[in-house]
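Novice: requesting a structural model of the entry that follows:
(one chain, ligands or ions: 1)
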Amino acid sequence: MSAEVIYGSELAQSLRDEMKEEVNGLRNKGIIPGLTVVLIGEDPASKSYVRGKQKASDYVGVDSELIELPESTTQEELLSLIDTLNNKDSVHGILVQLPLPAQIDEEVIIEAISPEKDVDGFHPISIGRMMTGKDTFYPCTPYGIIQMMKSKNISLEGKHAVVLGRSNIVGKPVGQLLLSENATVTYCHSRTKNMEQYIASADILIVAVGKAHFLNGDHIKEGAIVIDVGVNRIEDGSLTGDVDFDSAKEKASYITPVPKGVGPMTITMLMHNTIKSAKKTNG
Ligand code: GUN
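Specialist: Prediction:
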């Protein structure tokens, strides 16, 4: 079997086109979705992600403001800024780019953001709402992954989904969303024994371990759906995923590439969440 490739880049583009139209309609009614991105320090990867967010905002018509603060910013200063943004009506979404400098406690910052403006879906209230099936902002990468599978009409019900990785941003929430879609979910992580057995039995594999070519075609079941969340820079400077694409493609039924796979969907779901927030606060 040679897998069908799910290009997140193509789905992201068509969703962004739909959002652009929707935002146009909102703007005509005087509703201007607003996103504030806070970037602390000079991390090149963070700067590049933030540029992507600005570009997507400009495209769909979200009013996006970037606040850049020095590496030396204190937790109190950031909390005070978040308080201001929480109370500013034109701001529908607040995103504090992670990671943060060592003097700032990430959990304290995430909890300070109003859950009604938590377009990252990282606040414990957002996570609790997601776990109990309430309407909320879903974390962007997991939500994008579900949308990619749905775009191909892949049925998730009753499937064995194996999630490799248990981060708060990807692994844990994507398992939760798969569970909500009636999949049977197994989480594997660095302490899992006999991980190969779980991988080999997976109908759906979500690979988010952050190691280049952690998996290849020999590991997976014939016909498996393989979603590669890894973004690893290798010796020649290029980006590659956690999955050896060429060998896995020969055995999978669907597979996502890196780049042009999950990455573009993350920012697209951030746009979705920001627009959703604007619609909610404006009735
Ligand atoms: N750093 C890497 N990915 C993300 C993300 O999705 N949201 C935020 N806030 N920071 C990140």
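Novice: run through the chain and note the low-pLDDT ranges.
Specialist: Residues of the chain meeting the criterion pLDDT under 70: 283.
Novice: now do the strands in the stretch 1-150 of the chain.
Specialist: All strands of the stretch 1-150 of the chain, identified by DSSP state E, counting those that start in this stretch, fall at 4-5, 34-40, 63-69, 93-96.
Novice: parallel or antiparallel, list what pairs with the shortest one.
Specialist: Spelled out, it's strand 4-5. Here strand 4-5 is paired, per DSSP bridges, with strand 254-255 (parallel).
Novice: quick one: the strand it pairs with to chain centroid distance?
Specialist: How far strand 254-255 lies from its chain's middle: 18 Å, per Cα atoms, centre = their mean, to the nearest Å.
Novice: right, and the helix or strand after that strand?
Specialist: Next along the chain after strand 254-255, taking DSSP states H and E as the criterion, comes helix 262-281.
Novice: and the protein, which of its residues are near the ligand?
Specialist: Taking Cβ under 6 Å from any ligand atom as the criterion, the chain approaches the ligand at residues Tyr49, Leu95, Val96, Gln97, Leu98, Asp120, Cys140, Ile169, Thr266. Quick note: C-beta positions are derived from backbone N, CA and C, even for glycine.
Novice: farthest-separated two in those?
Specialist: Based on Cβ to Cβ, the longest span within the residues of the chain next to the ligand runs between Val96 and Thr266 and measures 15.7 Å.
Novice: looking at the strands of the stretch 1-150 of the chain, which is buried most?
Specialist: Mean neighbour count (mean count of other Cβ atoms under 10 Å) peaks for strand 93-96 among the strands of the stretch 1-150 of the chain, with a mean of 26.
Novice: what does that one rub up against?
Specialist: 33-38, 40, 53, 78, 82, 85-86, 109-110, 113-114, 117-120, 270, 273-274, 277 (Cβ atoms under 8 Å, 6 or more residues apart in numbering).
Novice: report the buried members of the residues you listed.
Specialist: By neighbour count, with 16 or more other Cβ atoms under 10 Å, those hold 33-38, 40, 53, 78, 82, 85, 109-110, 113-114, 117-120, 270, 273-274, 277 as buried.
Novice: from the residues of the chain next to the ligand, pick the one nearest Asn282.
Specialist: Distances from Asn282 to the residues of the chain next to the ligand, taken as Cβ to Cβ, are shortest for Leu95 (19.8 Å).
Novice: helix/strand/coil for Tyr198?
Specialist: State at Tyr198, reduced to three classes by DSSP: H, G, I helix; E, B strand; the rest coil: helix.
Novice: got a list of what it touches?
Specialist: By Cβ under 8 Å, 6+ apart, the contact set of Tyr198 is Val162, Thr186, Cys188, Thr192.
Novice: could you redo the last one with a cut-off of 10 Å?
Specialist: His160, Val162, Val163, Leu164, Thr186, Tyr187, Cys188, Thr192, Leu205 (Cβ atoms under 10 Å, 6 or more residues apart in numbering).
Novice: what sits closest to the single nearest residue of the stretch 101-250 of the chain relative to the ligand if chain neighbours are left out?
Specialist: Nearest to the ligand in the stretch 101-250 of the chain, going by Cβ to the nearest ligand atom, is Asp120, at a distance of 4.8 Å. Once flanking residues are discounted, Asp120 sits nearest to Leu95: 5.6 Å by Cβ to Cβ, 6 or more residues apart in numbering.
Novice: and the residue of the stretch 1-150 of the chain nearest the ligand?
Specialist: Leu98 (3.6 Å).
Novice: what are the ranges of the helices in the chain?
Specialist: Under the criterion DSSP state H, the chain contains helices at 8-28, 44-60, 75-86, 106-112, 124-131, 140-151, 171-180, 195-200, 245-249, 262-281.
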